[in-house]
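Visitor: give me the fold of what follows.
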Amino acid sequence: MGGGGADGIGTAGLEELARLGEGRLEPELLERLQELGERAAARLARSRERVVIALAGGTGSGKSSLTNALLGQEVSRPGVRRPTTDSAVAVTVGCDTGAEALLDWLRVFERRAVPAEGPLAALDGAVLLDLPDVDSVISGHWSAADRLIERCDLLVWVLDPLKYGQALAHQHYFSRLAHHAELFLAVLNHADRLAAADRQACQDHLRELLDGDGLGRARLLTVSAQTGEGVEALRRALGEEVRARRAPVARLRADAAALAE
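Guide: This next block holds a predicted model:
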């Protein structure tokens, strides 16, 4: 794409491609190209220093508990204790520069902020989103999740050992994210509920499924939000992405590559 450096997504290049495509591309494809150009320009205009990390998954996967474990405090009420399960909860780590405008654009209005101190220093600049369940029977819940999955910079998919092979996740989401593998982390939660042999079998099978979805380069971690096992490793992995500040542009490039294909 046109442009370079931090602007390497080439929003001008997307606009030029859309212009050249008029009369040549299918109307639906042209519309998607124009939408991507507008989204890229809007995302980068609001904050290049903030990295939006969405925690997605199905019912019972433990997204909220894992969010709390990562941040070392209860910032998102799990399950039935959460009053508005049709909306995401956002947690900004560190100073709020750029966060408000970004969250307004994302349309996330339940917001928390925590200082980037101690173990959280590695996440300075992160905006964590605890999303509604993607398998909710209420359409407003999963449609809100879908919108934020499309707009986040880094996607952490939290999986339950009993449901990690769920067709909904693999067919509706994972198989469409092959170009986003480097920005995708699969997290097998509730490790404390598994015997060592069962844990390894789950990991191996999930890795096989991810490979089949085109996500062979995606990272796979096993954690327990309940006991804290693996949480520090996940925090370090996310911290590396936050410090690099590459995810916002890399996400938009991946979107462009998927659309081009």
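
Visitor: show me which helix runs longest in the protein.
Guide: In the chain, assigned by DSSP state H, the helix with the most residues is helix 27-46.

Visitor: against which helices or strands is that helix packed?
Guide: helix 11-21, helix 99-106, helix 247-260 (3 or more C-beta pairs under 8 Å, 6 or more residues apart in numbering; DSSP states H and E). From N, CA and C alone the C-beta is placed, and that goes for glycine too.

Visitor: could I get that helix in CSV with only the CA atoms?
Guide: Taking C-alpha atoms only, helix 27-46 is exported to CSV below (Å, rounded to 0.1, in the frame of the first residue of the first chain):
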residue,chain,number,x,y,z
PRO,A,27,-20.0,-2.8,-6.1
GLU,A,28,-19.9,-4.8,-2.9
LEU,A,29,-16.1,-5.1,-3.0
LEU,A,30,-15.8,-1.4,-3.9
GLU,A,31,-18.0,-0.5,-0.9
ARG,A,32,-15.9,-2.7,1.4
LEU,A,33,-12.7,-1.1,0.2
GLN,A,34,-14.1,2.4,0.8
GLU,A,35,-15.3,1.3,4.3
LEU,A,36,-11.8,0.0,5.1
GLY,A,37,-10.2,3.2,4.0
GLU,A,38,-12.5,5.2,6.1
ARG,A,39,-12.0,3.0,9.1
ALA,A,40,-8.2,3.1,8.7
ALA,A,41,-8.2,6.9,8.6
ALA,A,42,-10.6,7.1,11.6
ARG,A,43,-8.6,4.6,13.7
LEU,A,44,-5.2,6.2,13.1
ALA,A,45,-6.5,9.7,13.6
ARG,A,46,-7.6,9.0,17.1
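
Visitor: how about it: buried residues?
Guide: Buried residues in helix 27-46, defined by neighbour count with 16 or more other C-beta atoms under 10 Å: Leu30, Leu33, Gln34, Leu36, Gly37, Arg39, Ala40, Ala41, Arg43, Leu44, Arg46.
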